[in-house]
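For reference, the sequence and a predicted model appear below.
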Amino acid sequence: MIQADSTPSSLFVVEGNIGAGKSTFLKMLEKYMHAQIILEPTDQWQNIDGENILDLFYKDPKRWAYTFQLYAFITRIQTQKAYTDVNHEPIQVLERSVYSDRFCFAKNCYEMGSLSLLEWKMYRKCFNWLVDVYVQKPAAFIYLKTDPEICYSRIMRRKRSEESTISLEYLKLLDRRHEEWLVEKKDLEACVEDIPVLILDNNYEFEDDIAIQKEHVKSIVTFMKKTFNYSDHAILLDGVVL
């Protein structure tokens, strides 16, 4: 196993709005980097012994917000641990994290009235304890900054059944939460205050554009080398030329 030079953690997290292109971005990284890619556990949310908690949440957020946010939190931890147990790569790249649950989605649910004040207080107490005990602290966040209008267009194109009720206004609210957390660093808990953030413009369609892909990877490599002392050999697959 290749080890990074003097790096305190191998975990990097890709964050961004719904429709920002996170899953496509992570699958693209596999072509260039020594990395174990961990996608969001949406399949676990869509089938709990035949029940779809993700669909229930979108259809009736006031009823299901607290249940869904806690279940999403737990399944993220379980998924990351399961991958870690079989990991042979020097870097893990995770699609979203418990931190985006807390600082974007759960917070947004509370501010929209889908979580009561009591539920919000309970969620935050559970979050603080679970993070302290069970969550590996990321080395950095990679924020795919994407205009809400572009996110909405991508959501409409992919036509996932659970997302049929998502509005542009909802995406604008989530965009604001991401900006407050990852750019402005507003009202943060101590557990995330010192985690560095790499911001990438993801408004452009990169899935079939090798030049844009390589620009993104080059930005990540430069960031990792500067911030964590990684070498090119530790990051890039053999034969990759940027």
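Everything's here; your move.

Can you pull up the most central residue in the protein?
For the chain, the residue nearest the mean C-alpha position is Arg96 (1.5 Å; CA atoms, centre = their mean).

Give me the nearest residue to that residue, chain neighbours excluded.
In this structure, Arg96 finds its nearest non-sequential neighbour in Glu40, 5.4 Å apart by CB to CB, 6 or more residues apart in numbering. Backbone N, C-alpha and C define where each C-beta goes, glycine included.

Lys137 versus the one you found, what's the distance?
Noted for Glu40: a distance of 19 Å to Lys137, by CB to CB, to the nearest Å.

Looking at those two, which one has more neighbours?
A count of neighbours by other CB atoms under 10 Å puts Glu40 above the other of Glu40 and Lys137, at 20 against 13.

Does the more buried one belong to a helix, a strand or coil?
Here Glu40 is coil, with the state taken from DSSP: H, G, I helix; E, B strand; the rest coil.

which residues does the nearest residue to Ile199 once chain neighbours are set aside contact?
In space, Ile199 comes closest to Tyr143 once its chain neighbours are excluded; the distance is 4.9 Å by CB to CB, 6+ apart. Applying CB atoms under 8 Å, 6 or more residues apart in numbering to Tyr143 gives the contacts 15-16, 178, 182-183, 197-200.

Same check on Ala140?
By CB under 8 Å, 6+ apart, the residues touching Ala140 are 12-13, 195-198, 223, 227-228.

Can you mark which positions in stretch 166-178 are buried?
Of the residues in stretch 166-178, 166, 170-171, 173-175, 177-178 count as buried by neighbour count, 16 or more other CB atoms under 10 Å.

Rounded mean pLDDT for that stretch, please.
Computed over stretch 166-178, the mean pLDDT rounds to 98.

Not counting its own residues, what contacts that stretch?
Outside stretch 166-178, the residues touching it (CB under 8 Å, 6+ apart) are 15-19, 58, 100, 103-105, 107-108, 111-112, 143, 145, 147-149, 151-152, 155.

give me the low-pLDDT residue ranges for this structure?
Scanning the chain for pLDDT under 70 picks out the ranges 1-9.

Now for it: which helix has the highest residue count?
helix 61-85 (DSSP state H).

For the chain, which segments are assigned as strands?
Ranges of strands within the chain are 11-15, 36-38, 92-95, 140-145, 197-201, based on DSSP state E.

CA atoms only for the first one, dumped as CSV, please.
Extracted as CSV, the C-alpha positions of strand 11-15 are listed here (Å, rounded to 0.1, in the frame of the first residue of the first chain):
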residue,chain,number,x,y,z
LEU,A,11,-10.2,10.7,3.8
PHE,A,12,-11.3,13.4,1.4
VAL,A,13,-15.0,14.3,1.0
VAL,A,14,-16.7,15.6,-2.2
GLU,A,15,-19.5,18.0,-1.2
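
Residues contacting that strand, please?
With CB under 8 Å, 6+ apart as the criterion, strand 11-15 contacts 22, 25-26, 80, 91-97, 99-100, 136-144, 178, 182.

who does it pair up with?
strand 92-95 (parallel), strand 140-145 (parallel) (DSSP bridges).

quick one: the last one to strand 197-201, angle?
Meaning strand 140-145. Relative orientation of strand 140-145 versus strand 197-201 (axes from the mean of the first three to the mean of the last three CA atoms, to 10 degrees): 20 degrees.

Can you select the buried ones among the contacts of stretch 166-178 for me in ChimeraX?
The buried residues among these can be selected in ChimeraX (16+ other CB under 10 Å) with this line:
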select :15,16,17,18,19,58,100,103,104,105,107,108,143,145,147,148,151,152,155
